[in-house]
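1. return atomic coordinates for the entry below.
(one chain, ligands or ions: 1)
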Amino acid sequence: MACFLNCVRFDVTKTITDKPTSKEGSVAVSSVTCYSWDDVEALTSNFSRLIGSGGYSSIYMARLSSSAKAAIKVHVSSHRLYKIFRLELDILLRLQHPNIVKLLGYFDDSEENGALLLEYLPQGNLQENLHSNSKQVLPWRNRVAIAFQLVQAIEHIHEKCIPQIVHGDIKSSNVLLDKNFNSKLCDFGSAKVGFSSMVQPSAISPRSRHVTMVGSPGYTDPHYLRTGVASKKMDMYGFGVVVLELISGKEAVSAGNGEMLVHVAAPLMHEILDSSIDIAEDSVRGFSDPRMLRDSIDIDEVKTMLGVAALCISSPPSLRPSASQVTETLIQKIPSLSFLGSGKRV
Ligand SMILES: Nc1ncnc2c1ncn2[C@@H]1O[C@H](COP(=O)(O)OP(=O)(O)OP(=O)(O)O)[C@@H](O)[C@H]1O
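-> Below you'll find the predicted structure:
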């Protein structure tokens with residue numbers, strides 16, 4: 001494949017500096033390198049190590065030097081899917097946050113081929129870490145930290161960058177973990193950009209009225225499925241499901257019987273939202289991941305997390321909390337978050 005337009009070789013670094021302003025008046029700056037296809041082949045040693053795959057892409061290990069690793073997300077070659085690549089590239093160029101995967105560079109032929117060079121997250125995605133037998137059991141305090149960091153990433157895209165962004169596909173396989181199990185949100189290929197709170201889906205065909213769905217089974221907001229209206233609150237629904245996964249260790253959709261976690265959790269969620277009942281410790285323990293050490297779980301923290309999940313998934317969208325409300329709740333009610341540093345935001 002030829003080297004296109006303004007792409008340069010990786011040994012002649014060309015950086016693009018993007019400076020979107022945030023609501024808080026701070027300036028996000030990202031320096032990103034543009035690569036040729038030859039560079040992509042060289043960085044991946046001819047695509048020798050596949051580290052992940054999704055509906056639209058394959059992700060390969062890349063080596064920037066003998067010690068520095070990265071990941072290259074190569075989008076499926078297609079004129080239609082090129083738009084998804086461009087969307088993800090344009091969004092990642094705007095974002096700089098410790099809990100959002102960092103864009104290091106990209107390849108773009110301006111027609112149908114694109115690749116993103118991303119920071120490498122060695123612990124893989126949260127779904128594998130929670131549900132694969134080959135992984136060590138995540139302790140409770142890591143689970144709380146992952147939820148806290150994820151909601152801060154969501155808060156950033158919803159409330160702190162301009163234009164605001166709805167991710168559109170919050171799920172555990174889109175949460176990556178670094179060597180210390182800090183979480184980073186990835187995969188902005190389903191995102192919606194540039195509106196205040198609600199937007200009609202852009203992909204409604206005028207002839208068929210067919211709505212192109214975003215979201216994944218087990219995580220998709222039923223309100224979105226009914227109305228086709230995407231909003232920040234659909235991200236909060238996905239976040240609620242991830243919190244249930246973190247607490248229970250169960251998959252969003254059971255690989256065994258196909259049952260959805262939100263259905264399994266529904267009776268407990270109703271109990272929690274009924275403020276006249278103080279939920280029993282046995283119910284909390286009964287729902288919690290049995291692989292976690294009994295003594296490592298703080299029942300009050302689990303109750304707080306269950307309460308957050310209940311508000312995110314059981315309420316109508318207008319009553320669901322915003323990401324900043326969840327962040328504040330977690331800071332106030334979960335003292336163990338102090339191990340992240342100041343006890344406030346990381
Ligand atoms: N930067 C990275 N570091 C390590 N692994 C990664 C990285 N990016 C992606 N992966 C792995 O690849 C998987 C798929 O990535 P991603 O979700 O971005 O692809 P996708 O094609 O957009 O998938 P989807 O089908 O969810 O749309 C992730 O779940 C993860 O296991």
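2. give the contact list for the residue nearest to residue 192 when sequence neighbours are not counted.
-> Excluding the flanking residues, the one nearest residue 192 by Cβ to Cβ, 6 or more residues apart in numbering is residue 166, at 4.4 Å. Quick note: C-beta positions are derived from backbone N, CA and C, even for glycine. For residue 166, the contacting residues are 157-158, 191-193, 195, 199, 230-232, 234-235, by Cβ atoms under 8 Å, 6 or more residues apart in numbering.
3. and those, which are buried?
-> 157-158, 191-193, 230-232, 234-235 (16 or more other Cβ atoms under 10 Å).
4. could I get the average pLDDT for stretch 267-275?
-> For stretch 267-275, mean pLDDT rounds to 90.
5. please point out which parts of it sit buried.
-> Neighbour count says stretch 267-275 has 268-269, 272 buried, by 16+ other Cβ under 10 Å.
6. quick revisit: pLDDT-wise, what's the bottom of the contacts of residue 166?
-> Among the contacts of residue 166, residue 199 has the lowest pLDDT, at 50.
7. so residue 184, which of the three states?
-> strand (DSSP: H, G, I helix; E, B strand; the rest coil).
8. that one is in contact with residue 121, isn't it?
-> Yes. Contact criterion Cβ atoms under 8 Å: residue 184 and residue 121 qualify, at 6.0 Å.
9. between the two, which contacts overlap?
-> 101, 176-178.
10. which residues are in contact with residue 310?
-> 240, 268-269, 272-273.
11. quick one: low-confidence ranges for this structure?
-> Across the chain, the ranges flagged by pLDDT under 70 are 1-30, 195-215, 276, 336, 338-346.
12. please verify my assumption that residue 96 contacts residue 119.
-> No. Residue 96 is beyond contact range of residue 119, at 11.7 Å (criterion: Cβ under 8 Å).
13. find residues that contact each of these two.
-> The contact sets of residue 96 and residue 119 overlap at residue 102 (Cβ under 8 Å, 6+ apart).
14. who's more crowded, these two?
-> residue 96 (21 against 16; other Cβ atoms under 10 Å).
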